[in-house]
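Visitor: Okay, here's the prediction I keep looking at, along with the sequence it came from:
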2 protein chains.
Amino acid sequence: MACNVAEEVLVVGSVALDTVHTPYGECTDGLGGSATFFAAAASFFAPVRVVGVVGEDFPMDQLRFLRARSVDLTGLQIARGRTFRWIGHYGTDPNARRTLDTQLNVFADFRPVLPEAYRDTAYVFLANIDPALQLEVLHQMRSPNVVACDTMNFWIEGAPGVVMDVLRSVQIVILNDAEVRQLADDPHLIRAARKVLDMGPEVVVVKKGEHGAFMVSSDRFFTVPAFPTESVVDPTGAGDTFAGGFMGYLARTGSLEEGMLRRAMVYGSAVASFAVEQFSVERLKTLTYSEIVERCRMFRKMTAFEEEEG
Amino acid sequence: MACNVAEEVLVVGSVALDTVHTPYGECTDGLGGSATFFAAAASFFAPVRVVGVVGEDFPMDQLRFLRARSVDLTGLQIARGRTFRWIGHYGTDPNARRTLDTQLNVFADFRPVLPEAYRDTAYVFLANIDPALQLEVLHQMRSPNVVACDTMNFWIEGAPGVVMDVLRSVQIVILNDAEVRQLADDPHLIRAARKVLDMGPEVVVVKKGEHGAFMVSSDRFFTVPAFPTESVVDPTGAGDTFAGGFMGYLARTGSLEEGMLRRAMVYGSAVASFAVEQFSVERLKTLTYSEIVERCRMFRKMTAFEEEEG
């Protein structure tokens, strides 16, 4: 018998209300934000702690499903003003997304403050926020085992030096393909990912939307496809859901061994493939752990081949 | 002991002289064309027969390496006039290619005529030519075991009905992502591939360049990544090289069983990953079978993961 208690996972990021228009319909003020999707996904694997901010208008009852899964929300500040809102549009091509409006509201003045109990968390995910704030979070941590981070074009352009400081402070970077190309200033994605590896982290995970994701470390390469779902209703949050499944799985196993990292990639992809089936976090509310395991089995079926003998 | 004699593979397509500009340099009047890349790749696995046309200016000695690998060129016509020429440019992004000039020359009046000995070939690949000519080829065949075809946007737009006739006459379609989306009139690639499946073929293979390839059949899905090479010198011909490796492998095994189709996808990807390392067919000239097998092993290493127990 092998026993293992999952480590805790801390996420610092946005909690938002998203209004999304797609060819399948629209969703107004749906629960969104990087920390929300991450927490919902990670909670299948490990206890999760959230640091973020919402406004006084935020419908707190929408977070009940997270509390029911033991997500600790004591680090979620309620600030005077309105909640961060994003309005976006997807056409028939789910990969092409247009931002119609971004209202930062209380998120503009967000300063992450970690409750005392959070400071010992073993696994940390710094979602896409100002890299200066990402560093502030790290300064409040005692000695995390594993820190992973995300970032975006806005910070890569506006604060490249601070982004570099963050990259030197983390073990894992989880970015999308465009961000990796921009960060490395190289259109060749594999080469770009290796350049990001040279910036500090031990592992670089590159998310490619419908093309799946890959992971590079000093001497290893691993790739996982996206699940070939035909029903992409709302791709919003897929990347953060992937990160949540990935980090949650790592926290559950307590290992950064290659085999575990690979499984974490598959679990992250599996959870993300469910998230896009419905608007907002709706599908993540009804999702079960056995559905995730079954989908991981399907990932194996669609990638496995036998080498020829002899 | 299991013995198996490879079946023959017939390819009908272009033989061209390509002038290619890339950030790594340029290559003038290099050997190119779909039939050339296909034949070079397939010849590692099975005997190959070529039907195509070149002009009087064609440097026939450039085909010596194919003859040395038992590629039968008796179906290669030499017509009055100049050989088909293509001039293209790749920027720092190997996926973005620009055609600077296309001179069809003798290829404009090409009518495929199969030498009598070719008419019994078991495996046929109809490379990207006028779909009316693809049908003419099939009418000259006696009873091929497996027919695969390619096509392109020009024919999908200009002769959709004839393309449909071709799709109803083949078992396997090998297209790139843009062609599949266009043919199905659906931006969602997986759904589009399934729609192409409904047009007649039993297997649809979708090539996605740096994102690899996937294959759908009635109830199966298989995906293979591109090899994460950092040295893409010249992507020209990668798709036809893939098709050559794929069909060549199938011809060698004589089976369309799922496991064989999967290996064929991996072999095709492996050979294509070598082809792009040098201009024109240069890398395919020096490539060895054991290099291909070793690369297939690497494909397995970069996609394999263990499912969790219990």
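Guide: Good, I have the coordinates. Numbers count the residues shown, from 1 in each chain, chains lettered A, B, ... in the order given.
Visitor: Can you tell me the SS state at the residue nearest to A:P187 when sequence neighbours are not counted?
Guide: Excluding the flanking residues, the one nearest A:P187 by C-beta to C-beta, 6 or more residues apart in numbering or on different chains is B:D93, at 4.0 Å. For glycine as for every other residue, the C-beta is placed from the backbone atoms N, C-alpha and C. Following DSSP: H, G, I helix; E, B strand; the rest coil, B:D93 is assigned to coil.
Visitor: Just the pLDDT at B:D93, thanks.
Guide: For B:D93, the pLDDT comes out at 71.
Visitor: shouldn't A:A46 be in contact with A:T253?
Guide: No. If you go by C-beta atoms under 8 Å, A:A46 and A:T253 don't touch, sitting 9.5 Å apart.
Visitor: now the stretch 101-250 of chain A, which segments are flagged as low pLDDT?
Guide: Within the stretch 101-250 of chain A, not a single segment meets pLDDT under 70.
Visitor: Tell me which stretches of chain A form helices.
Guide: Assigned by DSSP state H, the helices in chain A fall at A:34-42, A:64-68, A:131-140, A:153-158, A:160-167, A:177-184, A:189-197, A:238-253, A:258-275, A:282-286, A:289-303.
Visitor: more crowded one of A:A46 and A:T253?
Guide: Each of A:A46 and A:T253 has its neighbours counted (other C-beta atoms under 10 Å in any protein chain shown); A:A46 has more, 23 against 20.
Visitor: thinking again about what came up before, these two touch, right, the residue nearest to A:P187 and A:D186?
Guide: No. Using C-beta under 8 Å, B:D93 makes no contact with A:D186, being 9.8 Å away.
Visitor: out of those two, which sits in the more crowded spot?
Guide: Shown here are B:D93 and A:D186; by other C-beta under 10 Å, A:D186 has more neighbours (19 against 15).
Visitor: can you tell me how far that one sits from chain B?
Guide: 8 Å (C-beta to the nearest C-beta, to the nearest Å).
Visitor: same question, A:S231
Guide: 9 Å.
Visitor: That residue against A:E277, yeah?
Guide: Yes. The pair A:S231 / A:E277 is scored as a contact, 5.5 Å apart, by C-beta under 8 Å.
Visitor: the more surrounded of these two?
Guide: Legend: neighbour count by other C-beta under 10 Å for A:S231 and A:E277, higher for A:E277 (17 against 10).
Visitor: Report pLDDT for the more buried one.
Guide: 95.
Visitor: Number of residues surrounding the closest residue to it other than its chain neighbours?
Guide: Leaving aside its chain neighbours, A:E277 sits nearest to A:R283 (4.7 Å; criterion: C-beta to C-beta, 6+ apart). The number of residues packed near A:R283 is 20, by other C-beta under 10 Å.
Visitor: One more: A:A178?
Guide: Residues near A:A178, counting by other C-beta under 10 Å, number 15.
Visitor: and the gap between the residue nearest to it when sequence neighbours are not counted and A:L183?
Guide: Distances taken as C-beta to C-beta, 6+ apart place A:N153 nearest to A:A178, at 7.0 Å, with adjacent residues excluded. For A:N153, the distance to A:L183 (C-beta to C-beta, to the nearest Å) stands at 9 Å.
Visitor: The two: who's more crowded?
Guide: In terms of neighbours (other C-beta under 10 Å), A:L183 is the more surrounded of A:N153 and A:L183; the figures are 24 against 12.
Visitor: what residues are up against that one?
Guide: By C-beta atoms under 8 Å, 6 or more residues apart in numbering or on different chains, the contact list for A:L183 reads A:151, A:156, A:163, A:175, A:192, A:195-196, A:199.
Visitor: near chain B, from those residues?
Guide: Contacts with chain B within these, counted by C-beta under 8 Å from any C-beta of the partner chain: none were found.
Visitor: Including neighbour count and distance to B:V137, could the residues you listed go into a markdown table?
Guide: Converted to a markdown table, the contacts of A:L183 look like this (neighbours: other C-beta atoms under 10 Å in any protein chain shown; distance: C-beta to C-beta, whole Å):
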| residue | neighbour count | distance to B:V137 |
| --- | --- | --- |
| A:T151 | 25 | 53 |
| A:I156 | 19 | 52 |
| A:V163 | 21 | 56 |
| A:L175 | 25 | 47 |
| A:A192 | 23 | 43 |
| A:K195 | 17 | 47 |
| A:V196 | 21 | 48 |
| A:M199 | 16 | 53 |
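Visitor: Can you tell me which of those is closest to B:R85?
Guide: Minimum distance to B:R85 across the contacts of A:L183 is 33.9 Å, recorded for A:A192 (C-beta to C-beta).
Visitor: ok, the nearest residue to that closest one once chain neighbours are set aside - how many residues close by?
Guide: Ranked by C-beta to C-beta, 6+ apart and with sequence neighbours excluded, the top spatial neighbour of A:A192 is A:A184, at 3.7 Å. When counting by other C-beta under 10 Å, one arrives at 20 neighbours for A:A184.
Visitor: A:V196 is in contact with A:A184, correct?
Guide: Yes. Taking contacts as C-beta under 8 Å, A:A184 lies within contact range of A:V196: 5.6 Å.
Visitor: how much space between the residue lying closest to A:P144 once chain neighbours are set aside and B:A16?
Guide: Leaving aside its chain neighbours, A:P144 sits nearest to A:V124 (4.8 Å; criterion: C-beta to C-beta, 6+ apart). As judged by C-beta to C-beta, A:V124 and B:A16 stand 55 Å apart.
Visitor: Check A:R49 too.
Guide: 61 Å.
Visitor: Tell me which of those two has more neighbours.
Guide: B:A16 (28 against 24).
Visitor: and stretch A:44-61, anywhere near chain B?
Guide: No. Against chain B, stretch A:44-61 shows no contacts by C-beta under 8 Å from any C-beta, the least distance being 11.2 Å.
Visitor: from the middle of its chain, how far away would that stretch be?
Guide: The chain centroid and the centroid of stretch A:44-61 are separated by 15 Å under C-alpha atoms, centre = their mean, to the nearest Å.
Visitor: distance between the ends of that stretch?
Guide: 20 Å (C-alpha to C-alpha, to the nearest Å).
Visitor: Name the residues of it that are buried.
Guide: For stretch A:44-61, the neighbour count (16 or more other C-beta atoms under 10 Å in any protein chain shown) marks A:44-55, A:58 as buried.
Visitor: follow-up on the earlier one: now do the shared contacts for A:A46 and A:T253.
Guide: By C-beta under 8 Å, 6+ apart, no residue touches both A:A46 and A:T253.
Visitor: Which of the helices of chain A has the highest mean neighbour count?
Guide: Highest mean neighbour count of the helices of chain A: helix A:34-42, a mean of 32 (counted as mean count of other C-beta atoms under 10 Å in any protein chain shown).
Visitor: Just want the angle from it to helix A:238-253.
Guide: 50 degrees (axes from the mean of the first three to the mean of the last three C-alpha atoms, to 10 degrees).
Visitor: Other residues contacting helix A:34-42?
Guide: With contact meaning C-beta under 8 Å, 6+ apart, helix A:34-42 is reached by A:9, A:11-16, A:48, A:50-52, A:65-66, A:69, A:71, A:125, A:127-128, A:150, A:237-238, A:240-245, A:247-248, A:251, A:268, A:271-272, A:275, A:281, A:284-285.
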